[in-house]
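Peer 1: requesting a structural model of the entry that follows:
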Amino acid sequence: MNIYEHTYIALPDARKKDIENIENKIQDILQKYSGKIHKVEDWGLRNLAYPIKKNNKGYYRNLYLEGNNSTIKEIENYEKFDNKIIKFLSIKLNKLPKEDSEMLKEKR
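Peer 2: As a prediction, this is how the structure comes out:
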């Protein structure tokens, strides 16, 4: 199993329930492939560098996941078609970071 940093940006008007639904679906996909979520970071509502789908802000969430390539492909395929998600990115890591991300530190 590999470690991934997965960040997604939800619509700025996404409700707490919408975020829970997104992460429940991600959790379901991970369970299907024997993966798991190690850590969740809520970066909150932030300005976007450029408009995406006519939005200037987005609700950022960062997840540290354990899974394989098929797991990430299925998560990204789901997110392509979820109308509450405007952007996402997955990066393979060598190991799970011990400290919080810079974005989370900046938020505090």
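Peer 1: list the strands paired with the longest strand anywhere in the chain, with their directions.
Peer 2: Counting residues, the longest strand found in the chain (DSSP state E) is strand 36-52. Each strand paired with strand 36-52, and its direction, by DSSP bridges: strand 55-67 (antiparallel).
Peer 1: ok, and what's touching the longest strand of the chain?
Peer 2: 3, 9, 12, 23, 26-27, 30, 55-67, 86-87, 96, 100-101, 103-104, 107 (CB atoms under 8 Å, 6 or more residues apart in numbering). C-betas here are computed from N, CA, C, even on glycine.
Peer 1: where's the most far-flung residue of the chain relative to its centre relative to residue 101, distance?
Peer 2: No residue in the chain sits farther from the centre than residue 54, which is 20.4 Å out by CA atoms, centre = their mean. Separation of residue 54 from residue 101 (CB to CB, to the nearest Å) stands at 28 Å.
Peer 1: burial of residue 100, as a residue count?
Peer 2: 14 (other CB atoms under 10 Å).
Peer 1: neighbouring contacts of the one helix or strand residue 18 maps to?
Peer 2: Assigned by DSSP states H and E, residue 18 falls within helix 16-32. Applying CB under 8 Å, 6+ apart, the external contacts of helix 16-32 come out as 6, 8, 10-11, 35-37, 40, 59, 61, 63, 65-67, 71, 74-75, 78-79, 82, 84-85.
Peer 1: buried set for it?
Peer 2: 18, 19, 22, 26, 29, 30 (16 or more other CB atoms under 10 Å).
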